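*Asks:* Give me the fold of what follows.
(2 chains)
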Amino acid sequence: MSEGIDEGLRRELQQQGVWVSSMQELYNWGRKNSIWPLQFGLACCAIEMIATAASRYDIARFGGEVFRPSPRQADLMIVAGTVTKKMAPQIVRLYNQMADPKYVIAMGACAISGGPFKQGYNVLKGIDRYIPVDVFIPGCPPRPEALLHAFMELQRKIDEQKLSGANKAAHLDQEQPSEFPVPSFGKHDLEPPANSNVFHPPAIERA
Amino acid sequence: MEGLEQIKARIEAAVPGAIVEIVQNASPSQQHSLKIDNEHAHDVAKWLHGDPALRLDFCSNVTGVDWLDRTVKKTVKVKKAVDGEEKEVSETTEEKIPGYIEAVYHLYSMTHKHGPVIIRMRTADRAAGARLPSLTPIWRSAEFQEREIFDLYGIQFEGHPDLRRILMWDEFEDYPMRKDYREPDDYEYEPTPHDDVLERAKRYYTPRPQIDGAESIVEPLNG
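*Replies:* Numbers count the residues shown, from 1 in each chain, chains lettered A, B, ... in the order given. Down below sits the predicted model:
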């Protein structure tokens, strides 16, 4: 994990009672164990999210127990449920109001693709059309274990982030955007229907 | 509760000029309804609400139905002189019925524990004439549901206290529950397309004439 020191040497030193670490490791260790989610739910997935936060599944075991009602104090946005086109601009605005570093989990079939409402007129076909998503969880709704798994995946992702160098974390790179344009209500659909800088759908192939 | 025939007769006696028609429902539910004319709708509704025997004080549901323009073909046997001989000839006449939008109200009585009595109103057409009198002044519970009909079917309810869109945003211009509504074409990859989704998917396939033949080329949607 640590940069600039041989892993074997590090383990050997640790056996002798000398603990060697790096700033990056300490920094990421601290961040990954205190991810505060933003407290909001959109549909039935939110019920599973609430169950995950409650005592039986207990997201506090992973350091995510402090659901913040303000985007200014939150690190993680769990998009739990159906994002209607009427709600989508508010979600993007909330994301923009969150302070860096910030992460997004798209929870459930609706949040990742529109789910059963995909062919409808009023549901956004996935929140990844407007904001970058770190972890997608399929399911309708996903069980609390799935949300915990996504949370652990996110922790793994944070742990691997670099503080410096060419491929450093997005929130440390001044050139990476931290805010994304909020779509506006059009006459027939949201305008634009997707942010082409963020959304890269797979090419359509014949079945 | 009394039958619809009796209610119809009593409405016509109580509200002079009201035109009430019984709309038959041939389905197993047999829920026949009363079609009331728009001009007297408010008075008829007020009478239904206040009549001591009916006392329909609770409007549980209001919804819309979209009826497109349709042509009805009727075949009538007519006696005609053909070659000096009288023969029975079947003649087909086409009747064009212009489309309209219906508002359907389901009424119950909390006082007498009976219902439902179903009343319908029809708009003149599906465009500028899509107007109906609001029954919100009589049944307060119709307020949001009439707004929903306005939002999704586009019926203007005259006399409604607060007629705004309720589900879609204010800038939205279409009426999504109308049968001729076409949603914005933001088709996305679908792993198992079927039926009309498959038809839509085909428009996004890159043509492979050398494999599938020339007929695989589908006209683009906006072409």
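*Asks:* Now do residue B:101 against chain A, distance only.
*Replies:* According to Cβ to the nearest Cβ, to the nearest Å, residue B:101 stands 18 Å off from chain A. Placement of C-beta: from N, CA and C, glycine included.
*Asks:* what comes into contact with whichever strand or helix holds residue A:111?
*Replies:* Here residue A:111 sits within helix A:108-113, counting by DSSP states H and E. Contacting residues not belonging to helix A:108-113 are listed as A:42-45, A:79-83, A:106, A:115-117, A:123, A:125-128, A:133, A:136-142, B:188 [Cβ atoms under 8 Å, 6 or more residues apart in numbering or on different chains].
*Asks:* let's see 6 Å
*Replies:* Identification of contacts with helix A:108-113 by Cβ atoms under 6 Å, 6 or more residues apart in numbering or on different chains yields A:45, A:79, A:82, A:106, A:115, A:125-127, A:136, A:139-142.
*Asks:* low pLDDT regions in the chain?
*Replies:* Chain wasn't specified; assuming chain A. Counting by pLDDT under 70, chain A contains low-confidence ranges at A:1-3, A:204-207.
*Asks:* could you do chain B instead?
*Replies:* For chain B, counting by pLDDT under 70, the residues that fall below are B:207-209, B:212-223.
*Asks:* again, only using 50
*Replies:* B:223 (pLDDT under 50).
*Asks:* I'd like the next helix or strand past the helix holding residue A:111.
*Replies:* strand A:135-137.
*Asks:* who are the neighbours of the biggest helix by length in chain A, in terms of helices and strands?
*Replies:* Longest helix in chain A, counting residues (DSSP state H): helix A:144-159. If contacts are counted by 3 or more Cβ pairs under 6 Å, 6 or more residues apart in numbering or on different chains; DSSP states H and E, helix A:144-159 sits against helix A:23-32, helix A:45-53, strand A:135-137.
*Asks:* quick one: which of these is nearest chain B?
*Replies:* strand A:135-137 (14.7 Å; Cβ to the nearest Cβ).
*Asks:* Look through chain B and report the residue furthest from the middle.
*Replies:* residue B:84 (49.1 Å; Cα atoms, centre = their mean).
*Asks:* Beta-bridge partners for the residue sitting nearest the centre point of chain B, please?
*Replies:* When Cα atoms, centre = their mean is applied to chain B, the residue found nearest the centroid is residue B:65 (2.2 Å). Beta-bridge partners for residue B:65, by DSSP bridges, are residue B:102.
*Asks:* and the spatially closest residue to residue B:112 that is not a sequence neighbour, what does it touch?
*Replies:* Sequence neighbours aside, residue B:55 is the residue nearest to residue B:112 in space, at 5.5 Å (criterion: Cβ to Cβ, 6 or more residues apart in numbering or on different chains). Residue B:55 makes contact with B:109, B:111-112, according to Cβ under 6 Å, 6+ apart.
*Asks:* From residue B:175, how far off is residue B:55?
*Replies:* The spacing between residue B:55 and residue B:175, counted by Cβ to Cβ, to the nearest Å, is 35 Å.
*Asks:* swap in residue B:158?
*Replies:* Going from residue B:158 to residue B:175 by Cβ to Cβ gives 18 Å.
*Asks:* can you check residue B:148 too?
*Replies:* Taken as Cβ to Cβ, the span from residue B:148 to residue B:175 is 11 Å.
*Asks:* Neighbour count for those two, which is higher?
*Replies:* residue B:175 (21 against 17; other Cβ atoms under 10 Å in any protein chain shown).
*Asks:* From residue B:73, how far off is that one?
*Replies:* Distance of residue B:175 to residue B:73, computed by Cβ to Cβ: 29 Å.
*Asks:* now swap in residue B:138 and tell me
*Replies:* When residue B:138 is compared with residue B:73 (using Cβ to Cβ), they lie 40 Å apart.
*Asks:* Those two: who's more crowded?
*Replies:* The neighbour count for residue B:138 versus residue B:73, taken as other Cβ under 10 Å, is higher for residue B:138 (22 against 8).
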